[in-house]
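**Student:** my questions concern the predicted model and sequence given below.
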Amino acid sequence: PTPYGTGHGIGLRCCELPTIHSASLTDHDDVLRSGHVIALEPETAVESEGRVYVLKVEDNFAVEEQGLRLLTTPSTTWPD
């Protein structure tokens, strides 16, 4: 579980509306519209050798009429 949302809008500030949360954390629904730019950042935790590591990866998308267009290139390697 995470205390944060799964995603948020990107614009003039790093994190802004619309936000993507579980239904229990919102008071109303918003619709993602063409032209919005959003960051999806799911979070999980992994335990290894008695230590807990929080993993959070953020990918940015443009909302278009035909769906989401990925704006970032996910890395498949661990940074040095």
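**Tutor:** Sure, I can see it. Residues are numbered from 1 along each chain as shown.
**Student:** can you name the residues bridging to the nearest residue to R69 once chain neighbours are set aside?
**Tutor:** Excluding the flanking residues, the one nearest R69 by C-beta to C-beta, 6 or more residues apart in numbering is A62, at 4.6 Å. For the C-beta atoms, the positions are set from N, CA and C on the backbone; glycine is no exception. Beta bridges link A62 to V37, R69, judged by DSSP bridges.
**Student:** what sits against A62?
**Tutor:** Contact analysis of A62 by C-beta atoms under 8 Å, 6 or more residues apart in numbering lists 35-37, 68-69, 71.
**Student:** swap in A39?
**Tutor:** Applying C-beta under 8 Å, 6+ apart, we find A39 in contact with 7-10, 15, 58-61.
**Student:** so what's the residue count around the closest residue to P42 other than its chain neighbours?
**Tutor:** Closest residue to P42 apart from its sequence neighbours, by C-beta to C-beta, 6+ apart: T6 at 5.7 Å. Look at T6: counted by other C-beta atoms under 10 Å, it has 14 neighbours.
**Student:** is it true that T6 touches I38?
**Tutor:** No. With contact defined as C-beta atoms under 8 Å, T6 does not count as touching I38 (10.1 Å).
**Student:** shared neighbours of the two, which are they?
**Tutor:** Common neighbours of T6 and I38 (C-beta under 8 Å, 6+ apart) are I20.
**Student:** which residues touch H8?
**Tutor:** By C-beta under 8 Å, 6+ apart, H8 lies in contact with 15-20, 38-39, 41.
**Student:** now for A23, how many residues are close by?
**Tutor:** 6.
**Student:** by mean pLDDT, flag the weakest helix or strand of the chain.
**Tutor:** Using mean pLDDT, DSSP states H and E, strand 16-20 stands out as the lowest-scoring helix or strand of the chain, at a mean of 74.
**Student:** next, count neighbours for the nearest residue to D59 once chain neighbours are set aside.
**Tutor:** Leaving aside its sequence neighbours, D59 sits nearest to T72 (C-beta to C-beta, 6+ apart; 5.0 Å). Neighbours of T72 under the rule other C-beta under 10 Å: 11.
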